[in-house]
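K.L.:
have a look at this fold, sequence not included:
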């Protein structure tokens, strides 16, 4: 880290830490951590292992016990002192990251910022499963959603209305409501449809649990999973079990395009 002067003002850098494996952070995110003087990280979700990319003299602040005004105060103070500040979020900060309210406060204070995206858990889970969410003739859409709870979901985006599309779906932040989630999903997908519970994907204690929608509550309770897990459903899971019937046109030798006649 270089010496700073208070005349220098560096932007606050929001960094997506990825799903947990420290090697799944982006190169740009890793460089931001290496150059940081202060890292404010979401300690309830970001594994401490990700902080290994930060320099030995970095100041780390766990934001888990802090309220929004306290976080902004710490970040802005460091900014005024000319320090390089990284605000480290789990996954990708644009998804359930609560960054918009932080950005609004920074903009009120005319504090510049940048955002470096990260790998969200649904994509790390797909990699762990060896699964594509979009298959020809089966599903061409992926829904990322959550159950309503203390954070309310608009009625038009209720899990029931979204599940009616019967496409690939990853349900975040809802594992503690697994009884209700399962009941809603089986109405659209069927109680014997396959489902996956992806727990702490990419981390040492990762679990990828394959089951049926009707068995979701039993499995989740038996495993003692109460947080940091996705529920994944969709006909693509069935197609994987049954074998692909349709293939992409992209690599079909009878399908020409601008790069292949």
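P.N.:
Okay, I see it. Everything numeric in this text was worked out from a predicted model, so none of it was measured. Numbering: from 1, shown residues only.
K.L.:
tell me the predicted confidence for the nearest residue to residue 181 once chain neighbours are set aside.
P.N.:
With sequence-adjacent residues excluded and distances taken as Cβ to Cβ, 6 or more residues apart in numbering, residue 181 is closest to residue 174, at 5.3 Å. Placement of C-beta: from N, CA and C, glycine included. With respect to pLDDT, residue 174 scores 97.
K.L.:
could you report the neighbour count for residue 174?
P.N.:
19 (other Cβ atoms under 10 Å).
K.L.:
quick one: it and residue 146 touch, right?
P.N.:
Yes: using Cβ atoms under 8 Å, residue 174 makes contact with residue 146 at a distance of 5.3 Å.
K.L.:
ok so, going back, if I look at the residue nearest to residue 181, how far off is residue 80?
P.N.:
Per Cβ to Cβ, to the nearest Å, residue 174 is found 40 Å from residue 80.
K.L.:
what helices or strands is the helix or strand hosting residue 127 leaning on?
P.N.:
Under the criterion of DSSP states H and E, residue 127 resides in helix 121-129. In terms of contacts (3 or more Cβ pairs under 8 Å, 6 or more residues apart in numbering; DSSP states H and E), helix 121-129 is packed against strand 168-172, strand 194-199, strand 207-212, strand 229-233.
K.L.:
and the residue nearest the centre of the chain, how far from residue 89?
P.N.:
By Cα atoms, centre = their mean, the chain has its centre lying nearest to residue 120, at 2.9 Å. According to Cβ to Cβ, residue 120 and residue 89 sit 11 Å apart.
K.L.:
likewise for residue 68?
P.N.:
For residue 68, the distance to residue 89 - Cβ to Cβ - is 14 Å.
K.L.:
tell me which of these two has more neighbours.
P.N.:
Legend: neighbour count by other Cβ under 10 Å for residue 68 and residue 89, higher for residue 89 (28 against 13).
K.L.:
which residues touch the more buried one?
P.N.:
Listed by Cβ atoms under 8 Å, 6 or more residues apart in numbering, the contact set of residue 89 reads 14-17, 42, 45-46, 97, 99, 118.
K.L.:
need the nearest residue in space to it, chain neighbours excluded.
P.N.:
Once flanking residues are discounted, residue 89 sits nearest to residue 97: 4.8 Å by Cβ to Cβ, 6+ apart.
K.L.:
how close does that neighbour get to residue 182?
P.N.:
27 Å.
K.L.:
and the nearest residue to residue 153 once chain neighbours are set aside, how far from residue 97?
P.N.:
Once flanking residues are discounted, residue 153 sits nearest to residue 146: 6.6 Å by Cβ to Cβ, 6+ apart. According to Cβ to Cβ, residue 146 and residue 97 sit 13 Å apart.
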